[in-house]
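Undergrad: got a predicted model here, sequence first, then my questions.
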Amino acid sequence: MSVVRFCSAAGCREVIPVGQYFCKKHQYLQKEYEDKRKHWQRDNYKKMTKEQKHEYNRKVYKKRMERSAKAPHDYNRFYKTSKWVKLSRQTLQKSPVCVVCLRKGIVKKADLVDHIVPIREDWSKRLDPTNLQSLCYRCHREKTRKDHQRERKINMNS
């Protein structure tokens, strides 16, 4: 039996052989998909000269350093502390269902614990149990996206 996969078109559950990306019905999406894929591949990096690679790596490194300067390492380190791990486990045990989905009438398992008021906004609430909520990955991603948009608006207005 050959190895198969699902069609890459959104919502399509047609089974196709591995190596193909789309079923016959969605074949028209193939070119656009390949163009996007080429854009993200690092083939261009392999073709660069040593000097070009050096310049590229310098720019990437600079971007990373600027990003980390904006977000001090305390935020990232905090999530590895024993206090946070213990508190987040307790919160998930007390509330194993996603609170956002539950408000919509959907019962869905919570995957992680989120700060209602982000710790970037109020560091003192990082271990406050009343500032925590259980969320599924989807709801957490949506909340984080909204938080980032709000931060950008605040930064643009400043």
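TA: It's in.

Undergrad: host element of Val113?
TA: Following DSSP states H and E, one finds Val113 within strand 112-115.

Undergrad: partners of that strand in the sheet?
TA: According to DSSP bridges, strand 112-115 forms sheet pairs with strand 132-135 (antiparallel).

Undergrad: after the partner strand comes which helix or strand?
TA: Using DSSP H and E, the next helix or strand after strand 132-135 towards the C-terminus is helix 137-157.

Undergrad: elements contacting that next one?
TA: With contacts taken as 3 or more C-beta pairs under 8 Å, 6 or more residues apart in numbering; DSSP states H and E, helix 137-157 sits against helix 99-103, strand 112-115. Bear in mind the C-beta positions are built from the backbone N, C-alpha and C, glycine included.

Undergrad: with just CA atoms, put that helix into PDB.
TA: Extracted in PDB, the C-alpha atoms of helix 137-157 (Å, rounded to 0.1, in the frame of the first residue of the first chain):
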ATOM      1  CA  TYR A 137      -4.400  26.700  21.600                       C
ATOM      2  CA  ARG A 138      -6.800  28.300  19.200                       C
ATOM      3  CA  CYS A 139      -8.300  30.800  21.700                       C
ATOM      4  CA  HIS A 140      -4.800  31.500  23.100                       C
ATOM      5  CA  ARG A 141      -3.500  32.300  19.600                       C
ATOM      6  CA  GLU A 142      -6.400  34.700  19.000                       C
ATOM      7  CA  LYS A 143      -6.000  36.400  22.400                       C
ATOM      8  CA  THR A 144      -2.300  36.800  21.800                       C
ATOM      9  CA  ARG A 145      -2.800  38.300  18.400                       C
ATOM     10  CA  LYS A 146      -5.300  40.800  19.800                       C
ATOM     11  CA  ASP A 147      -2.800  41.700  22.600                       C
ATOM     12  CA  HIS A 148       0.000  42.300  20.000                       C
ATOM     13  CA  GLN A 149      -2.300  44.500  17.900                       C
ATOM     14  CA  ARG A 150      -3.200  46.500  20.900                       C
ATOM     15  CA  GLU A 151       0.500  46.900  21.800                       C
ATOM     16  CA  ARG A 152       1.300  48.100  18.300                       C
ATOM     17  CA  LYS A 153      -1.500  50.700  18.400                       C
ATOM     18  CA  ILE A 154      -0.200  52.000  21.700                       C
ATOM     19  CA  ASN A 155       3.400  52.100  20.400                       C
ATOM     20  CA  MET A 156       2.300  53.900  17.300                       C
ATOM     21  CA  ASN A 157       0.400  56.500  19.200                       C
END
